[in-house]
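Undergrad: Sequence first, predicted model second:
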Amino acid sequence: MSIIPITVYGDKILREKAKPVKEVSDEVIGKITSMFDTMRNASGIGLAANQVGFRDSLFVIDLRPVEGYEKSKPLVMINPKITEKSDELVVIEEGCLSLPNLRADVERPKTIIVNYLDPDEKEQTLEADDFLARVILHEYDHLLGKMIPDRISIKMKNRLQSYLQRITKREIEIDYPITEI
């Protein structure tokens, strides 16, 4: 098991756009395995590559710890592209491993269609709705350099500003490894 420290708010890589994966090499498979280990160690359900310091356009998702999703299969999405979003929007509270202990209401489309490569380099298309769509959109945002604070009102962001600064300065209690300043 390979646990990698998680990048947190204030780390530059979280604001950079991910680079497309050219081939699914043994190195990329190793990263994916480490990402699943790291995500599960932190009790997460999704993790984008830049959240562990990789610039690759990929993320992992495992919803099995969530009630109602126990039988779902873990997902790896390489070079994902959201091709459709519903007009219907839903507001639900979200959290993020790169924003430890922070929760905020985020508005996102109810349904999406996403194209991506799987670890066997096969093109896949997935229509997702509700919670799965939300998790995919959250992780996809990371690949674009966006985070929850970019999806909430200015008023709410201002309210969270002091906590965001505490995260940046590593003045928070957290039970999984994060990057150092």
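TA: Looks like it arrived, so ask away.
Undergrad: element containing L137?
TA: Here L137 sits within helix 130-143, counting by DSSP states H and E.
Undergrad: Give the buried residues for that helix.
TA: 131-143 (16 or more other Cβ atoms under 10 Å). C-beta coordinates here come from the backbone N, C-alpha and C atoms, glycine included.
Undergrad: got it, and stretch 149-165?
TA: For stretch 149-165, a neighbour-count test (16+ other Cβ under 10 Å) marks 149, 151-152, 160, 163-164 as buried.
Undergrad: Can you tell me which of those is closest to R64?
TA: Distance to R64 across these (Cβ to Cβ) is lowest for R151, with 25.6 Å.
Undergrad: Quick check: next helix or strand after the helix holding L137?
TA: Downstream of helix 130-143, the first helix or strand assigned by DSSP H and E is helix 154-168.
Undergrad: picking up where we left off before, taking the buried residues of stretch 149-165, tell me the two that lie furthest apart.
TA: Farthest-apart pair in the buried residues of stretch 149-165 is R151 and Y163; separation 16.3 Å (Cβ to Cβ).
Undergrad: Mind pulling the model confidence for the residue of the chain most remote from its centre?
TA: No residue in the chain has its C-alpha farther from the mean C-alpha position than K155, which lies at 23.9 Å (Cα atoms, centre = their mean). Looking at K155, its pLDDT is 94.
Undergrad: I'd like the distance between it and Q161.
TA: In this view, K155 and Q161 are 11 Å apart by Cβ to Cβ, to the nearest Å.
Undergrad: Please name the nearest non-neighbouring residue to the residue sitting nearest the centre point of the chain.
TA: The residue lying closest to the centre of the chain (Cα atoms, centre = their mean) is E139, at 3.1 Å. Nearest non-adjacent residue to E139, counting by Cβ to Cβ, 6 or more residues apart in numbering: F59, 3.9 Å away.
Undergrad: outside of the helix or strand hosting the one you found, which residues touch it?
TA: Assigned by DSSP H and E, F59 belongs to strand 58-61. For strand 58-61, contacts defined as Cβ atoms under 8 Å, 6 or more residues apart in numbering pick out 18, 21, 28, 31-32, 35-36, 39, 45-49, 74-80, 132, 135-136, 139-140, 142-143.
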